[in-house]
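A.B. asks: Pasting the sequence and the predicted model now:
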Amino acid sequence: MTDLTVIESLFKNRFDGVAVTVEIAEGKTVVNGRVAFPVKLSQAFDRSSPITVLDDLGVTIGTLYFLKKNTVDIVQIPQDQYIAFLEEYSFSTLPTSDYIFQQDYFLVDKSILATYLADYKETSALWGSFFHIEDLPAINFSRLKQVNNLTLRKDLFIERDFYKENLAVALAESNPFNRFLKYYHLLEVHFDMHTAEKLKQMIESGNKEKEISKTLKDYNREDIERIKSLFLNKTNPDLLVPYLNEIKNYLPIATSMFYEYGKESNPIKTKKNFDELIALGGFSEPNINKILGNSTYQNKIPQIAAYWIYRIRSSIAHNKLGEYLMTAADEEFIVEFAEPLIKELVIQSYTK
């Protein structure tokens, strides 16, 4: 609310006999020396009590209040919370029933307001783990995958609590980039177990020192080698091809991520070969054998899946020069292509 006269009137109705000063300072409404900023707070905070905010000398300059979704009796709440209420309330008369706050609030002292606005407000997400609502980036993950049917898959296992916890977090996550990483974590722990099982079998067989040495050497390489080993052992290429073929809808991203920012581990070494496969209609066995060599299909498909998944993961997790930098604009690519692919790979990897 910005009508100073109405704010003053509402304040006096609540705090009869209490002096009130309502003014504008630095373009903000100040009520009794306090400015209420609506904020979005980190989910990591315990919301049971307010947080005092100090300057670098240890002097209190404001207070964070956890008010969002709180139902309150307006005639009972203390002054700071009432000032926050006046910031978001838009009517000239008090509500006749309990009020539900729409936001959390940071109340700042007028004495520090100019300095706070100039030096600290825009960086609050770093030093304070909260965004001012007016500074919040316009990120809204709204892309949903249309699914018309689901197919039962037998002989799957999720034996350990760690697997279930990752799945639970993935299913609850609205950010598709984070969902992808949680599914990748399921692959990570599984290819560790896959390597351990390979070593166990070699040790039990005996006289496998060279093979054990090579396996340990491969294990110390990048994730990509271990993912390839897992997929070569566990996946069915024919079931992966329909998912790989969907890349045709995202060729600019594929070109940038797999080639412009590509790695030596790319099983389709040249962009020319990739374009030829797309032109032929996709990654069927005849097309793979024609472009990449006879009898290569069974190995190439799991390797392509491994490389693509690894590159997508790196582009999400590593915001650094030399990587394709994922942004919210890539949401459709993740939801429609990358997530269905990695979920299929998780399913096949967790098949007995």
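C.D. replies: Right, received. Where do you want to start? Residues are numbered from 1 along each chain as shown.
A.B. asks: What is the least confident helix or strand in this protein?
C.D. replies: helix 209-219 (a mean of 62; mean pLDDT, DSSP states H and E).
A.B. asks: Dump the C-alpha coordinates for the next helix or strand after it into CSV.
C.D. replies: Per DSSP states H and E, the first helix or strand lying C-terminal to helix 209-219 is helix 223-234. Extracted as CSV, the C-alpha positions of helix 223-234 are listed here (Å, rounded to 0.1, in the frame of the first residue of the first chain):
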residue,chain,number,x,y,z
ASP,A,223,32.5,-40.9,-15.0
ILE,A,224,32.0,-41.5,-18.7
GLU,A,225,34.0,-44.7,-18.9
ARG,A,226,32.2,-46.2,-15.9
ILE,A,227,28.8,-45.1,-17.4
LYS,A,228,29.7,-46.8,-20.7
SER,A,229,30.7,-50.0,-18.9
LEU,A,230,27.4,-50.0,-17.0
PHE,A,231,25.2,-49.4,-20.1
LEU,A,232,27.1,-51.9,-22.2
ASN,A,233,26.4,-54.5,-19.6
LYS,A,234,22.8,-53.5,-18.6
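A.B. asks: List phi and psi for the closest residue to Ser49 other than its chain neighbours.
C.D. replies: Distances taken as C-beta to C-beta, 6 or more residues apart in numbering put Phe66 closest to Ser49, at 8.0 Å, once the chain neighbours are dropped. From N, CA and C alone the C-beta is placed, and that goes for glycine too. Main-chain dihedrals, Phe66, degrees, to the nearest 10: phi -90, psi 90.
A.B. asks: Over to Phe258?
C.D. replies: Torsion angles at Phe258 (phi, psi; degrees, to the nearest 10) stand at phi -90, psi -20.
A.B. asks: and what of Ala170?
C.D. replies: According to degrees, to the nearest 10, Ala170 has phi -60, psi -40.
A.B. asks: Same check on Ser97?
C.D. replies: Dihedral angles (degrees, to the nearest 10) for Ser97: phi -130, psi 180.
A.B. asks: Check Val22 too.
C.D. replies: phi -120, psi 130.
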